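K.L.:
Quick one: sequence and predicted model below, then my questions.
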Amino acid sequence: MSAADKGASTSQDSSSSDFEHRIIALGQSHPNGISDKDMAKEIPELPAAQRAVIINKLLAQGYIDLFNQGGVLIYKIRSAKANVIKGGDNEERIVFSIIEEAGNKGIWMRDIRTKSNLSANQLNKVLKILENKKMIKAVKSVAASKKKVYMLFHLDPDSSITGGAWYCNEDFEAEFVDILHQQCLKYLKQKWESAKEKEPDPIAAKNFSYASAQDVWKYIDDLGISKVKLSEHDVETILNTLVYDARAERNVTIDETVLFRYVEPLLSVVGLTQFPCGICPVLFRCSISGMVRPATCTYLTSWLQEYIDSA
Amino acid sequence: MSVDCGILCSKIILEHFGGVVKTVAHDLFKVSSKTLSNIVATTKLQRSQVIECLRILVRYGLVTYKVSLQNPKIPEYSLSYEKVLLFPRYVRYMLLVKTLYGDEAELLIEELLRSGSEKASSIIVRATTRLKEIKKEEKNVSLNIVRDKLILLMNKQFVMRCPEPLPGCKEIPQLIIKQEDLFMSPSLSLKELTQMEEGHPEVPANDVTLRVNFDRFHQEFRDNIMISAIKRRIDDNAGELMRVILQQMYIRTEAWEPISNPIPVVEIRNAVHKVKTNPRLAQHLDQYLKVLDEDSSNFITKVADSGGGQYVVNIREAFIQLSWAAVENIVEERFGSKAARVFRLIKSKHFIEQEQIQQYALIPAKEAKLITYRLLEECFIQIQELRKSMSSAGPNKTFFLFHIDIDQVVKKCLEICYKALTNSMVRRQHERDEHKRLIEKQQRIESLTANLREQGAPADQIDELEELLTPLENEALERVRIMIARLGEAELRVDDNMFLLQLYLMYSNCK
């Protein structure tokens, strides 16, 4: 901006601020951007020279962005959030906007680099500055513990990054899940047992033994074993694992509520697994003669000894 | 047919028939069929020995023969290894008959199993003699009762006639029996039987050769598996209902059909009302039928509403379900409950990626990977590579999907069963060999004391002889006895497992 322009602009100060507001309003009503020509059409009373002055001013202040779309220059109003970046330089602004686009899923550093065309060193510096300004934050992903993703500071990371309720600082809480698993099983089993006792009618007994995810969720919530607030969906995930353990059956009603009930497996015990060979880890190295052989097998010996001791 | 299966067959034959027969049987196991001179050449046994072995094996139905394609004048022999694998199950056959028809029937079946195939008259006579030995006090053992029991067993199709050579046959006899004659009981007069019992050598006129009908026993075992599964899944009444339905099924359906013909509810209701022991079942019959129909096990399905409803029994489906349960149980015991969860998850999703496994099964990523790869390593699950066809480059465009080929897994489990059975038999023999000296000593002392008792020797002399076996030795003998008993018991259990898996393979092949 030259000094002569500046002098001209001060003389028409009041009218220029008025035009400024009109241009911003115009930009806001065109979120996809507005070209110079359109702007001239919308505000015909504004002379081209003064328009250029105002736009230059707005650009410098970071209120609008200039884009080149198919050879035509387009002005876009910058979102309110982006104003946070005001003080930063161009690199920071670009990196910030890339991270902003990624939303609460976050974006990996390498992807920022390819998108922004910055060198690794430069990008590191920029990211550090932004982090210090508390504009963005780095979150560790559960999918890969060494992979950091960046997202805007105020966002809550997506459950695919944190892993949902089952993760505490990117560690899977196996014990917590196991306890919940046992409690869910206990609840369903109790319901099944009481149904069997109370109801003489087999259909009524079966219907009574069903529990919805919400019922189980309430039960778990009342127990107060969870520090974290679990959602109904979380409990359903646990109940699904019960289905995969063949301890429960899943059923969907007409109004799409998912119901679960305890079931007994079809077979109680399988003969093979009660014999050491059925669960032997070295079974496939075992032969009639050789190092591993049934005649001297330690597993068999201890299994037989156990029986002799108990007899 | 695998190496393990071959070893097991050899072991079984060795235990029941001795070393020479084993050599012949093992030689036959390796090929589909072989002529006599070929067997002689490969086994290096004497021709007469091989003939004797084949005679024994044919008599037990373990070896069959057919006319050679190259030379119509000589037969080719082949081993039916499935029949050899039935030997460990003999105890169960006897037990089943005993619970159904009593001691006489058990002895008859035992004699018949022991000799493979035998003339009806001599079976009756032998069973009666043994029965008299066992029940010395009871006077009511007679040829008459035993004969009637045999006829009953034939009517119930547990025992059947052997095919007989066509009269006027050439070099190779053709064995033939008419379907309607198969379970016709022979008319044996008491007079002839009594003569035989007293030691007359002549054979009764209407005598026939009999053998055990294994299929009929298997049918009984199969039904019991289904009934007890329903009992576990729902309750005792439902199990009882399942029994009634299966009984009704046989009226219209061949025993080994994969899906039964429709059974009208009216017939089931009548049958349930006849069994008066279960008032609760009769009261809630419709509900129980509905529960059975709706249960995820899918044993029965409603097919039509006519005449109050008609149901079919999905035997094939039932055994697919049961085998899955068995395989899942084996996975659970071998690799832990988390592995069983992963296994069932893959089953329900059919094809699934590694990442989804840990997500759905709620297992930490590292552990989930470990489990999946172990299952893969031991061939319980398979991997399917899926390349994106459009892009040629880059390994990241490939998906690795895990899935289960149940036929493969069942066969795998069967192999484990074969191996387990072999190992148990080997171990049993080993324990016996280890304590051979002691066992022989005990037997000698026992026979001596028995002799002395018969001669009326004084008690202190017998005691003195019995004390030759020291308390330590007695203890060792007791240990061996317990061990052998335990191994025998385990063999029965493994065989039970094997039966289920074999049924699955049978049903999955008949589509």
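P.N.:
Looks like it arrived, so ask away. Numbers count the residues shown, from 1 in each chain, chains lettered A, B, ... in the order given.
K.L.:
Which positions in the stretch 151-300 of chain B make contact with chain A?
P.N.:
Taking C-beta under 8 Å from any C-beta of the partner chain as the criterion, the stretch 151-300 of chain B approaches chain A at residues B:229, B:232-235, B:237-238, B:280, B:284, B:287-288, B:290-291, B:294, B:296-297. Where you see a C-beta, it was placed from the backbone N, CA and C, and this is true even at glycine.
K.L.:
So which of those belong to helices?
P.N.:
If you go by DSSP state H, these have B:229, B:232-233, B:237-238, B:280, B:287-288, B:290-291, B:294 in helices.
K.L.:
Select from those residues the one having the most neighbours.
P.N.:
With neighbours taken as other C-beta atoms under 10 Å in any protein chain shown, the top of these is residue B:288, carrying 26 neighbours.
K.L.:
isn't residue B:275 right up against residue B:247?
P.N.:
No. Using C-beta atoms under 8 Å as the test, residue B:275 is too far from residue B:247 to be in contact (9.7 Å).
K.L.:
Which elements pack onto the longest helix along chain B?
P.N.:
Looking across chain B with DSSP H, the single longest helix is helix B:471-509. For helix B:471-509, the packing partners by 3 or more C-beta pairs under 8 Å, 6 or more residues apart in numbering or on different chains; DSSP states H and E come out as helix A:298-310, helix B:90-101, helix B:214-233, helix B:315-335, helix B:406-434, helix B:436-455.
K.L.:
These: which one's closest to residue A:287?
P.N.:
helix B:406-434 (9.3 Å; C-beta to C-beta).
K.L.:
Does the closest one reach chain A?
P.N.:
Yes. For helix B:406-434, a contact with chain A is found by C-beta under 8 Å from any C-beta, at B:413, B:416-417, B:419-420, B:422-424, B:426-427, B:430.
K.L.:
measure the closest residue to residue B:281 other than its chain neighbours to residue B:301 for me?
P.N.:
For residue B:281, ignoring the flanking residues on the chain, the nearest one in space by C-beta to C-beta, 6 or more residues apart in numbering or on different chains is residue B:237 at 4.3 Å. Going from residue B:237 to residue B:301 by C-beta to C-beta, to the nearest Å gives 20 Å.
K.L.:
Ok, residue A:206 next?
P.N.:
The gap separating residue A:206 from residue B:301 is 17 Å, by C-beta to C-beta.
K.L.:
Which one's more surrounded, those two?
P.N.:
Per other C-beta under 10 Å, whichever of residue A:206 and residue B:301 has more neighbours is residue A:206, with 20 against 16.
K.L.:
shouldn't residue B:261 be in contact with residue B:251?
P.N.:
No. Using C-beta under 8 Å, residue B:261 is not in contact with residue B:251, being 9.1 Å away.
K.L.:
the more surrounded of these two?
P.N.:
Each of residue B:261 and residue B:251 has its neighbours counted (other C-beta under 10 Å); residue B:261 has more, 14 against 10.
K.L.:
Report the buried residues of whatever helix or strand residue B:104 lives in.
P.N.:
Assigned by DSSP states H and E, residue B:104 belongs to helix B:103-115. Along helix B:103-115, these residues count as buried under the neighbour rule (16 or more other C-beta atoms under 10 Å in any protein chain shown): B:104-113, B:115.
K.L.:
could these be laid out in CSV, adding distance to residue B:357 and pLDDT?
P.N.:
Output for the buried residues of helix B:103-115, formatted as CSV (distance: C-beta to C-beta, whole Å; pLDDT from 0 to 100):
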residue, distance to residue B:357, pLDDT
B:104, 58, 88
B:105, 53, 92
B:106, 51, 92
B:107, 56, 92
B:108, 55, 93
B:109, 50, 94
B:110, 52, 94
B:111, 56, 92
B:112, 53, 93
B:113, 49, 93
B:115, 55, 90
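K.L.:
Over in chain B, which residue gets nearest chain A? Let me know.
P.N.:
residue B:493 (3.0 Å; C-beta to the nearest C-beta).
K.L.:
In contact with that residue, which residues?
P.N.:
Listed by C-beta atoms under 8 Å, 6 or more residues apart in numbering or on different chains, the contact set of residue B:493 reads A:271-272, A:274-275.
K.L.:
how big is the angle separating the longest helix of chain B from helix B:436-455?
P.N.:
110 degrees (axes from the mean of the first three to the mean of the last three C-alpha atoms, to 10 degrees).
K.L.:
Now do helix B:471-509 against helix B:214-233, angle only.
P.N.:
Going by the same axes, to 10 degrees, helix B:471-509 makes 90 degrees with helix B:214-233.
K.L.:
how far off helix B:406-434 does helix B:471-509 point, in degrees?
P.N.:
Going by the same axes, to 10 degrees, helix B:471-509 makes 160 degrees with helix B:406-434.
K.L.:
Would you mind checking the average pLDDT for helix B:471-509?
P.N.:
The pLDDT scores in helix B:471-509 average 91.
K.L.:
And stretch A:286-301, by the same measure?
P.N.:
In this model, stretch A:286-301 has an average pLDDT of 90.
K.L.:
Can you give the distance from that stretch to the centre of its chain?
P.N.:
52 Å (C-alpha atoms, centre = their mean, to the nearest Å).
K.L.:
Show me which positions of that stretch end up buried.
P.N.:
For stretch A:286-301, using 16+ other C-beta under 10 Å, the buried residues are A:286-287, A:293-295, A:297, A:299-300.
K.L.:
how about it, does it reach chain B?
P.N.:
Yes. Using C-beta under 8 Å from any C-beta, stretch A:286-301 reaches chain B at A:286, A:288, A:293-295, A:297, A:300.
K.L.:
and the least confident of the contacts of residue B:493?
P.N.:
residue A:271 (83).
K.L.:
So residue B:88 is in contact with residue B:492, correct?
P.N.:
Yes. Here residue B:88 reaches residue B:492: they are 7.1 Å apart, a contact under C-beta under 8 Å.
K.L.:
From the neighbour counts alone, determine which of those two ranks first.
P.N.:
For residue B:88 versus residue B:492, neighbours defined as other C-beta under 10 Å are more numerous around residue B:88 (21 against 15).
K.L.:
got the domain boundaries for the chain?
P.N.:
No chain specified, so I'll use chain A. What automatic domain parsing lists as the domains of chain A is A:3-78, A:81-162, A:172-262, A:274-310.
K.L.:
should've been chain B
P.N.:
According to automatic domain parsing, the ranges for chain B are B:3-81, B:87-212, B:217-313, B:334-404, B:413-508.
K.L.:
How far off centre is the first one?
P.N.:
For domain B:3-81, the distance between its averaged C-alpha position and the chain's averaged C-alpha position is 22 Å (C-alpha atoms, centre = their mean).
K.L.:
wait, what's in contact with the nearest residue to residue B:197 once chain neighbours are set aside?
P.N.:
Distance criterion C-beta to C-beta, 6+ apart; nearest residue to residue B:197, sequence neighbours excluded, is residue B:125 at 5.1 Å. Contacts for residue B:125 (C-beta under 8 Å, 6+ apart) come out as B:143, B:193, B:196-197.
K.L.:
quick check, residue B:125 in a helix?
P.N.:
Yes. Looking at residue B:125 with DSSP: H, G, I helix; E, B strand; the rest coil, it is inside a helix.
K.L.:
What residue in chain A comes nearest to chain B?
P.N.:
Closest to chain B within chain A is residue A:271: 3.0 Å, counting by C-beta to the nearest C-beta.
K.L.:
What's the local residue count around that residue?
P.N.:
The number of residues packed near residue A:271 is 24, by other C-beta under 10 Å.
K.L.:
Please report the distance of the residue nearest to it when sequence neighbours are not counted from residue B:220.
P.N.:
Counting by C-beta to C-beta, 6+ apart, residue B:493 is the residue found nearest to residue A:271 once chain neighbours are left out, at 3.0 Å. As judged by C-beta to C-beta, residue B:493 and residue B:220 stand 18 Å apart.
K.L.:
again with residue B:2
P.N.:
29 Å.
K.L.:
returning to what we had before: now the contacts of residue B:493 as JSON lines including distance to residue A:211?
P.N.:
Output for the contacts of residue B:493, formatted as JSON lines (distance: C-beta to C-beta, whole Å):
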{"residue": "A:271", "distance to residue A:211": "34"}
{"residue": "A:272", "distance to residue A:211": "34"}
{"residue": "A:274", "distance to residue A:211": "33"}
{"residue": "A:275", "distance to residue A:211": "38"}
